[in-house]
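J.: With the sequence up front, the predicted model follows.
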Amino acid sequence: MLLRLLTALLLVTTLGSCADQSSDYYPLAPGTSWRYSIELTTMDGVEQQKYIVAAGEPRVWEEQRLPVRRTLDGTRVFYRNDDTGIYRIASQRRDASEPTALPEERRVVLRKPLQPGTSWRGRTETITLARTGPPQRTEYEISASVEMEYTIESTDASVTVPAGRFDNCLRVSGQGQRRNYDAGNYIGPTDISIDKTDWYAPGVGLVKSVRAESTSGRVLNQGEMQTFAGKVVFELEAFEG
């Protein structure tokens, strides 16, 4: 479960690209690194984990020299920064010989201009809606594609995380719903909601991300009927740049 979550987070949580005003919020100079704490809440309870990502040397793909970030498992994500926005272009696992292009609806990191009111649409997958049973057998899980709408709400937000207090942050909110999704025999038809908020600090990048997922359905958990929901919180612990 956690491995799948970390793989998904690589594509739904981003650190950005390399030019104009976006370089303040999305530094990708080679050698820059970020360490995050992750608190994952599912129907199983709360799980803690660490997540490390680093900016690598730019690489050429499809005749473009692109900024790259990588995780400890060797996965690389390729970015493009132009006048319209910042995009994830492709990803490459350690054992892959070539990068794989990402779908258009999953490419946008941020739409420009980077100012309050700028909005865009994207698509994401649910990543916390699961319940396991002994011995680590998945009893039920929802892996649904949800259309999201993102909006830059502020460029002067403040946030405190283990790495310290950060001011003048870019705060981005995202909301999405999928109605009447068939979640199978355990849950049946249900509505799915995702709410997400990210904070990006100038000169640092992503410092905090909160993502809550919920359904209109209820399931039996530890002898009680509970709303099927989950949450993941990302917080910066250390930054080197």
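T.: Everything's here; your move.
J.: Beyond the helix or strand harbouring residue 147, next helix or strand please.
T.: According to DSSP states H and E, residue 147 maps onto strand 145-161. Going down the chain from strand 145-161, the next helix or strand is strand 164-182, by DSSP H and E.
J.: And the contacts of that following strand?
T.: Under the criterion C-beta atoms under 8 Å, 6 or more residues apart in numbering, residues 25, 110, 114, 122, 124, 142, 144-160, 188-202, 204, 207 lie in contact with strand 164-182. C-beta here means a position set from N, CA and C on the backbone, and glycine is covered the same way.
J.: What's the first helix or strand after that strand?
T.: Next along from strand 164-182, by DSSP H and E: strand 189-201.
J.: picking that back up, report the angle between the strand holding residue 147 and strand 164-182.
T.: Here strand 145-161 runs at an angle of 160 degrees relative to strand 164-182 (axes from the mean of the first three to the mean of the last three C-alpha atoms, to 10 degrees).
J.: Can you tell me what sits against the host helix or strand of residue 40?
T.: Using DSSP H and E, the element containing residue 40 is strand 33-42. Here strand 33-42 makes contact (C-beta under 8 Å, 6+ apart) with 1-2, 5-6, 9, 15, 46-55, 128-131, 162, 205-206, 230-241.
J.: ok, back up a step: gap between the strand holding residue 147 and the chain center?
T.: For strand 145-161, the separation from the chain centroid amounts to 12 Å (computed by C-alpha atoms, centre = their mean, to the nearest Å).
J.: Repeat that for stretch 107-124.
T.: The chain centroid and the centroid of stretch 107-124 are separated by 14 Å under C-alpha atoms, centre = their mean.
J.: Compute the number of surrounding residues for residue 157.
T.: Residue 157 has 18 neighbouring residues, counting by other C-beta atoms under 10 Å.
J.: Distance of it relative to residue 231?
T.: Here the criterion is C-beta to C-beta, to the nearest Å. By it, residue 157 lies 20 Å from residue 231.
J.: Just give the nearest non-adjacent residue to residue 89, would you?
T.: The shortest distance from residue 89 to any non-neighbouring residue, by C-beta to C-beta, 6 or more residues apart in numbering, is to residue 78 (4.7 Å).
J.: Next, the buried residues of the helix or strand hosting that neighbour.
T.: Using DSSP H and E, residue 78 falls within strand 76-82. Judged by neighbour count using 16 or more other C-beta atoms under 10 Å, the buried positions of strand 76-82 are 76, 77, 78, 79, 80, 81.
J.: okay, these in JSON lines with pLDDT next?
T.: Below are the buried residues of strand 76-82 laid out as JSON lines (pLDDT from 0 to 100):
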{"residue": "76", "pLDDT": "93"}
{"residue": "77", "pLDDT": "92"}
{"residue": "78", "pLDDT": "93"}
{"residue": "79", "pLDDT": "90"}
{"residue": "80", "pLDDT": "88"}
{"residue": "81", "pLDDT": "83"}
